[in-house]
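Enquirer: Quick one, structure for this:
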Amino acid sequence: MIFHLILGGLAALLAGRVMRGDGYGVVVDVLLGLVGGWVGSWVLGLLRFDVPAWSYFITAFLGAILIVWLVRVIKGD
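Expert: Numbers count the residues shown, from 1 in each chain. Predicted coordinates:
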């Protein structure tokens with residue numbers, strides 16, 4: 001669990017930087033990373049990609065990018 005929190009936070013922090021932003025703070029970044037990991041796994045599963053457990057960071061990163069983009073679209077940023 002701690003491992004997922006750390007990786008989820010790092011993935012969301014990196015996603016915020018890639019999306020040219022400052023992030024939303026540590027707690028929200030971790031939550032975005034965790035949700036991003038779940039969403040990323042779900043989307044890749046729909047696309048029939050077999051996602052190994054060791055690739056959680058990559059999956060969380062891609063999912064966090066999607067979540068950050070959706071949040072910015074909804075907020076109008």
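Enquirer: And the contacts of the helix or strand hosting residue 28?
Expert: Residue 28 belongs to helix 26-46 when elements are defined using DSSP states H and E. With CB atoms under 8 Å, 6 or more residues apart in numbering as the test, helix 26-46 has contacts from 4-5, 7-13, 15-16, 23-24, 51, 56, 59-68, 71. No exception for glycine: its C-beta is placed from N, CA and C like everyone else's.
Enquirer: just the angle between the helix or strand just after that helix and helix 26-46, please?
Expert: Using DSSP H and E, the helix or strand that follows helix 26-46 in sequence is helix 56-75. For helix 56-75 against helix 26-46, the angle by axes from the mean of the first three to the mean of the last three CA atoms, to 10 degrees is 110 degrees.
Enquirer: Buried residues, helix 56-75. List them.
Expert: Neighbour counts over helix 56-75 (16 or more other CB atoms under 10 Å) mark 56-68 as buried.
Enquirer: where in this structure is pLDDT low?
Expert: The model of the chain has pLDDT under 70 over residues 1, 20-26, 29, 51, 53-54, 77.
Enquirer: Just list the residues touching the residue positioned nearest the centre of it, thanks.
Expert: Per CA atoms, centre = their mean, the C-alpha nearest to the average position across the chain is that of residue 64, at 2.1 Å. Applying CB under 8 Å, 6+ apart to residue 64 gives the contacts 8, 11, 12, 14, 15, 16, 32, 33, 35, 36, 37, 40.
Enquirer: please redo it, this time with the cut-off set to 7 Å
Expert: By CB atoms under 7 Å, 6 or more residues apart in numbering, the residues touching residue 64 are 11, 12, 15, 32, 33, 36.
Enquirer: Tell me the spacing between the fourth one and residue 10.
Expert: Remark: distance between residue 32 and residue 10 (CB to CB, to the nearest Å) = 11 Å.
Enquirer: And those two? Which one has more around it.
Expert: Neighbour tally, residue 32 and residue 10, criterion other CB atoms under 10 Å: the higher count belongs to residue 32, 28 against 17.
Enquirer: Next one: that one from residue 46, what distance?
Expert: For residue 32, the distance to residue 46 - CB to CB - is 20 Å.
Enquirer: before we move on, what about residue 76?
Expert: Applying CB to CB, the value for residue 76 to residue 46 is 28 Å.
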